[in-house]
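Engineer: turn this into a model:
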Amino acid sequence: MLGPPWFWSESGIALTPGDQIELEGFESTDATHMEVNWLTNLTTGETIQLRTPEGLPVWNENN
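Structural biologist: Residues are numbered from 1 along each chain as shown. Predicted coordinates:
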């Protein structure tokens with residue numbers, strides 16, 4: 001899970017086919033998908049934090 005599409009577009013985050021990435025994640029509590037803590041685009045050098053230090057999704061910080 002990489003967050004809602006609006007989060008990516010509003011944050012100016014872009015991934016291009018062929019980009020190499022590295023990430024850290026964990027299996028969701030219902031074991032249906034992966035949750036991602038952070039993602040680094042090795043092609044561009046950009047690192048994207050998707051979770052707060054408390055483990056909450058960053059797109060929910062202001063709610």
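Engineer: mind jotting down where the helices sit in the chain?
Structural biologist: Using DSSP state H, the helices of the chain run over residues 5-11.
Engineer: output the below-cut-off pLDDT ranges for it.
Structural biologist: 1, 62-63 (pLDDT under 70).
Engineer: what segments of it are strands?
Structural biologist: Taking DSSP state E, the strands of the chain run over residues 21-27, 34-41, 47-49.
Engineer: so who does residue 51 touch?
Structural biologist: For residue 51, the contacting residues are 35-38, 57-58, by Cβ atoms under 8 Å, 6 or more residues apart in numbering. C-beta coordinates here come from the backbone N, C-alpha and C atoms, glycine included.
Engineer: count of residues packed around residue 12?
Structural biologist: For residue 12, the tally of surrounding residues (other Cβ atoms under 10 Å) stands at 7.
Engineer: any idea how far residue 26 is from it?
Structural biologist: 26 Å (Cβ to Cβ, to the nearest Å).
Engineer: just residue 37 next, same as before
Structural biologist: Using Cβ to Cβ, which is the criterion applied here, residue 37 is 7 Å from residue 26.
Engineer: just want to know which of these two has more residues nearby.
Structural biologist: Neighbour count, other Cβ under 10 Å: between residue 37 and residue 26, residue 37 has more, with 14 against 11.
Engineer: tell me how far that one lies from residue 17.
Structural biologist: Counting by Cβ to Cβ, the gap from residue 37 to residue 17 is 23 Å.
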